[in-house]
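Engineer: next comes the sequence, and after it the predicted model I'd like to discuss.
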Amino acid sequence: MGEKSKSKGCFGWFLVIVILALVVGAIVYTIKKKTSHSSKPAPVPGPPGAVEKKYAEALQTAMQFFDVQKSGKLVNNKISWRGDSALKDGSEARLDLSKGMYDAGDHMKFGFPMAFTATVLSWTILEYGDQMEVIDQLKPAQDSLKWITDYLINAHPSANVLYVQVGDPDKDHKCWERPESMTEERPVTQVNTSSPGSDVAAETAAAMASASLVFKKSDSTYSSTLLRHAKELFTFADKYRGSYSDSIPRVQNYYNSTGYGDELLWAASWLYHATGDKSYLQYVTGQNGKDFANWGSPTWFSWDNKLAGAQVLLSRLSFFHAKDYSDNSGLQMYRKTAEAVMCGLLPKSPTATTDRTDGGLIWISQWNSLQHPVASAFLAALYSDYMLTSQTAELTCSGRSFKPSDLRDFARDQADYVLGDNPMKMSFLVGYGKKFPEYVHHRGASIPVDATTGCTGGFQWLESTKPNPNVAVGGLVGGPFLNETYIDSRNNSMQAEPSTYNSAVIVGLLSSLVTTSSAVQSFTT
């Protein structure tokens, strides 16, 4: 009897302790919820749905172009016709700039679009890495990203110096040779306090900040290194304001920047996500937002203009942490402008852009016409998934309501057009589908591996009437004209040249479509 009473008493005390623990735990949880940093992980639905074969195969194809474009000493080379190249890049500045990626069909390393490539690829991994992993593309994406960020780290040898170009574009474009055969001098170009480049420095900061999140769990030391560079570069970009196109006039013929305000906001947005430092949020929502954000006026997302990207990225905060940001009027303006961007894309919206081909492709630029529709579709897919994940039912465009599925349908339509559902019945993704460009404007792809050529000797291959002997697999070419025609010719660089930054946006778009039930991941500091 006494033993039973003792057990009953102990059990009673045990219940009291358990109840107290639960109460204390609930209080602590509530306090943490109220005081935790506002970039806490977003709620995420279950695992990805069924794999959509078309988009999975297209993504596996698109990812390979990053390997095609790699410079330096290649590790685990997957492209049979590529080899080591540009091993001495940066040597004149006593730097190792051998890595990184060639810009397009040439052998230039332009830091501005290359950094944009890294930022978009990071964003894709952060949002859709789980879907990429389903088809074994996450690790290749991380490897390709690191190939660029390794280069960017070395290109930033001190706080206020950033090397933004390797090669002389005028001389480079007078050569037609394989990268493995290059013997010409490859000068390096920098921005610094006396020759500022806020646009390229801030874009590089965005690339490093976003990549620091990608590698945070797998390599914390590397992540910290990236974040340190990102902070330094942003400070440099903001303190010494000026466009790199003014400091380096010769880049105006290649990658002319139309302003640096968008890159400053883009970089600060990524730094806020990467650090949780509210000074970066204040930067984008305060006076700098008023000066540069162009609130209320939708723009096109590209290597030159990051405003739409920043608007969608910052909308993420108000979607998933509405209570934390309800009194931030600046942030709400980014969200409203992002909504205006989406309303402009939806074909049945009262404010839909009329800049489309008869086949439904967004059409903004004759040169590299696919960049804008693919980038727009990537943003639409993201916004759709933000709505779905946060259980936001509708988007209102001038009184008319649209669902997340409407944005996703738009994204699919643009992707399908690229992959062959177009009046030309051809895929613009090299190596995908039954019909794709065979005369791609790409030096390495156009010259046989065993050919011996110098700088000018390879022009015979540019003029050859035979298809490329090597397939620039995964390259997204420039695309069709407004009248939906495409001239498959190596001399037609306007339409037939693929670019690394095109690969970034098509990889982003396809990653969002790989599975039937798409959902963004959580990422935070």
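Structural biologist: In hand now; what should we look at?
Engineer: could you use CA atoms for every contact and neighbour count after this?
Structural biologist: Noted.
Engineer: which residues in this structure form strands?
Structural biologist: Assigned by DSSP state E, the chain shows strands spanning 109-110, 162-166, 188-191, 395-397, 400-402.
Engineer: the nearest residue to W266 once chain neighbours are set aside and L264, how far apart?
Structural biologist: Nearest non-adjacent residue to W266, counting by C-alpha to C-alpha, 6 or more residues apart in numbering: A310, 5.2 Å away. A310 is 10 Å from L264, where distance means C-alpha to C-alpha, to the nearest Å.
Engineer: which of these two has more neighbours?
Structural biologist: L264 (31 against 25; other C-alpha atoms under 10 Å).
Engineer: tally up the residues packed near the residue nearest to the more buried one when sequence neighbours are not counted, please.
Structural biologist: Leaving aside its sequence neighbours, L264 sits nearest to A202 (C-alpha to C-alpha, 6+ apart; 5.5 Å). A202 sits with 31 neighbouring residues when counted by other C-alpha under 10 Å.
Engineer: how about S464?
Structural biologist: Applying other C-alpha under 10 Å, we find 14 residues neighbouring S464.
Engineer: just to revisit the earlier point, isn't the residue nearest to L264 up against L233?
Structural biologist: Yes - between A202 and L233 a contact is recorded at 6.4 Å, counting by C-alpha atoms under 8 Å.
Engineer: from C343, how far out is the most centrally placed residue in the chain?
Structural biologist: In the chain, the C-alpha nearest the mean C-alpha coordinate belongs to V120, at 0.8 Å (C-alpha atoms, centre = their mean). Here V120 is placed at a distance of 22 Å from C343 (C-alpha to C-alpha).
Engineer: next one: T337
Structural biologist: In this view, T337 and C343 are 10 Å apart by C-alpha to C-alpha.
Engineer: picking that back up, contacting residues for the residue nearest to W266?
Structural biologist: 265-266, 269, 334 (C-alpha atoms under 8 Å, 6 or more residues apart in numbering).
Engineer: roughly how far apart are it and T119?
Structural biologist: 12 Å.
Engineer: enumerate every residue touching V284.
Structural biologist: The contact partners of V284, by C-alpha under 8 Å, 6+ apart, come to 265, 268-269, 330.
Engineer: among those, which pair sits farthest apart?
Structural biologist: For the contacts of V284, the maximum inter-member distance is 14.0 Å, found between A268 and G330 (C-alpha to C-alpha).
Engineer: look at those two and report which has more neighbours.
Structural biologist: Shown here are A268 and G330; by other C-alpha under 10 Å, A268 has more neighbours (29 against 20).
Engineer: what's the closest non-adjacent residue to the more buried one?
Structural biologist: Using C-alpha to C-alpha, 6+ apart, the nearest residue to A268 is Y280, at 5.2 Å.
Engineer: can you check G129 too?
Structural biologist: Closest to G129 by C-alpha to C-alpha, 6+ apart is L138, at 5.9 Å.
Engineer: enumerate every residue touching that neighbour.
Structural biologist: By C-alpha under 8 Å, 6+ apart, the neighbours of L138 are 125, 129-130, 132.
Engineer: let's go with 10 Å and repeat that
Structural biologist: 63, 124-125, 128-132, 144, 511 (C-alpha atoms under 10 Å, 6 or more residues apart in numbering).
Engineer: what is the burial count for S326?
Structural biologist: For S326, using other C-alpha under 10 Å, the count is 11.
Engineer: buried sites along stretch 469-485?
Structural biologist: For stretch 469-485, the neighbour count (16 or more other C-alpha atoms under 10 Å) marks 469-482 as buried.
Engineer: intersection of neighbour lists for A268 and G330?
Structural biologist: Joint contacts of A268 and G330 (C-alpha under 10 Å, 6+ apart) are 281-282, 284.
Engineer: closest to F523 out of those residues?
Structural biologist: L281 (16.6 Å).
Engineer: between A310 and L264, which contacts overlap?
Structural biologist: With C-alpha under 10 Å, 6+ apart as the test, A310 and L264 both reach 284, 293.
Engineer: quick one on the thing from earlier: from the contacts of A310, pick the one nearest F523.
Structural biologist: So of the contacts of A310, ranked by how close each gets to F523 (C-alpha to C-alpha), first place is S269, at 13.6 Å.
Engineer: for L379, which residues are in contact?
Structural biologist: So L379 contacts 301, 308-309, 311-313, 338, 341-342, 373, 385, 407, 411, 505, 508-509, 512 (C-alpha under 10 Å, 6+ apart).
Engineer: typed the wrong thing, it's S302
Structural biologist: Neighbours of S302 in contact, by C-alpha under 10 Å, 6+ apart: 113, 116, 308-309, 371-376, 501-502, 505.
Engineer: tell me which of the contacts of L379 fall in helices.
Structural biologist: Those of those mapping onto helices are 308-309, 311-313, 338, 341-342, 373, 385, 407, 411, 505, 508-509, 512, per DSSP state H.
Engineer: which one (most neighbours) among those residues?
Structural biologist: S512 (31 neighbours).
Engineer: my read: that residue touches A381, true?
Structural biologist: Yes - S512 is within contact range of A381, at 6.4 Å (criterion: C-alpha atoms under 10 Å).
Engineer: tell me, what's touching those two both at once?
Structural biologist: Common neighbours of S512 and A381 (C-alpha under 10 Å, 6+ apart) are 408, 411-412, 518-520.
Engineer: check contacts around V51.
Structural biologist: Per C-alpha under 10 Å, 6+ apart, neighbours of V51: 131, 134-135, 513-517.
Engineer: what's the farthest-apart pair in those residues?
Structural biologist: Longest span within the contacts of V51, C-alpha to C-alpha: I135 and S517, 14.9 Å.
Engineer: give me the pLDDT value at H321.
Structural biologist: On the pLDDT scale, H321 is placed at 88.
Engineer: just give the number of residues close to it.
Structural biologist: Neighbour count of H321, defined by other C-alpha under 10 Å: 19.
Engineer: over to S158?
Structural biologist: 13.
Engineer: and K466, by the same measure?
Structural biologist: 11.
Engineer: touching, it and E438? I think so.
Structural biologist: Yes - when contacts are counted by C-alpha under 10 Å, K466 is listed as touching E438 (8.9 Å).
Engineer: list the contacts of L429.
Structural biologist: Contacts for L429 (C-alpha under 10 Å, 6+ apart) come out as 58-59, 61-62, 418-420, 435-437, 472-479, 498, 503, 506.
Engineer: from Y417, how far out is it?
Structural biologist: 11 Å.
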